[in-house]
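> Following is a predicted model, sequence given first.
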Amino acid sequence: MLLHVADSMKFKVNTFTHILEGYKMADKMKAHGANASTFADWWAYKLEVMEAIPYNSALLTKMGVNTCINSDDAEMGRRLNQEAAKGIKYGGLTETEALKLATLNAAKALHIDDKVGSIKVGKIADLVLWTDNPLSIYAKADKTIIDGQIYFDREEDAKLRENIKKERARIINKLIAEKNKGGKVVKPSGRKRGLDHCDTIEGED
């Protein structure tokens, strides 16, 4: 319906997000020039995705629709590379096609592929170096580079963790010594940390 409205009113739909049943209209999306942003294999959790299938991203890709993998989940959002890998199992995408679901294709949908999305001279150096194939569940981030600067280094992180461990032990020993000298004991008050979602309002408890 929206494509019909867009064509009749002469405007373009840039991206259909959460288009879990996009495989049903992939040919029409291709003709219109719309991008697709979908979950890898979420299905049947509400009425409009009752017929979602894990082959969706592969079918859209093979139809020629620029397709990327998305997530509303704060935890899943940091491993979209593994979500994209499901396109290999469901639909037979190549490793390159699957990796593009979480990199170059998303940049194209946002119209920033001239800056990010692939490794190329002249682009912004936002990179993750992995310990294994980035599509593997065993891959761990070894280095994270943003604007050409290293923001995370696994070896450096291990050193920092060891320093934190030693500092924690020092503080605990100091507290125990104070208690043994008769110091006042105060029960710690923990703060429950929430998990933000797409509908979280800033400052909400």
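Okay, I see it. Since the structure is predicted, the reported quantities are computational estimates derived from the model, not experimental observations.
> Please make it C-alpha for all contacts and neighbour counts, starting now.
OK.
> What is the burial count for residue 161?
The number of residues packed near residue 161 is 11, by other C-alpha atoms under 10 Å.
> any idea how far residue 39 is from the residue most central in space within the chain?
Against the mean C-alpha coordinate of the chain, by C-alpha atoms, centre = their mean, the closest residue is residue 77 at 3.0 Å. Residue 77 sits 11 Å away from residue 39, taking C-alpha to C-alpha, to the nearest Å as the criterion.
> same question, residue 9
29 Å.
> Could you pull out the strands in the chain for me?
Using DSSP state E, the strands assigned to the chain run over residues 15-17, 35-38, 67-69, 127-130, 141-146, 149-153.
> which one of those strands is the most hemmed in?
Of these, the one with the most neighbours on average (mean count of other C-alpha atoms under 10 Å) is strand 67-69, at a mean of 30.
> which residues touch that one?
35-40, 57, 60-61, 80, 83-84, 100-103, 105-106 (C-alpha atoms under 8 Å, 6 or more residues apart in numbering).
> ok, now stretch 82-95?
40-41, 54-55, 57-59, 69, 98-99, 101-102, 134-137.
> Retrieve the pLDDT associated with residue 49.
Here, the pLDDT recorded for residue 49 equals 88.
> domain assignment for the protein?
Each structural domain of the chain that the record assigns through automatic domain parsing is listed here as a residue range: 2-113, 118-183.
> Just the terminal-to-terminal distance for the shortest one.
Its first and final residues considered, domain 118-183 spans 59 Å by C-alpha to C-alpha.
> mean confidence score for it?
Predicted confidence along domain 118-183 averages 95 (mean pLDDT).
> Same check on stretch 78-94?
Stretch 78-94 comes out at a mean pLDDT of 95.
> For it, list every residue counted as buried.
Of the residues in stretch 78-94, those with enough neighbours to count as buried (16 or more other C-alpha atoms under 10 Å) are 80-88, 90-91, 93.
> end-to-end on it?
Per C-alpha to C-alpha, the first residue of stretch 78-94 is 22 Å away from its last.
> mind listing what the residue nearest to the centre of the chain touches?
Listed by C-alpha under 8 Å, 6+ apart, the contact partners of residue 77 are 70-71.
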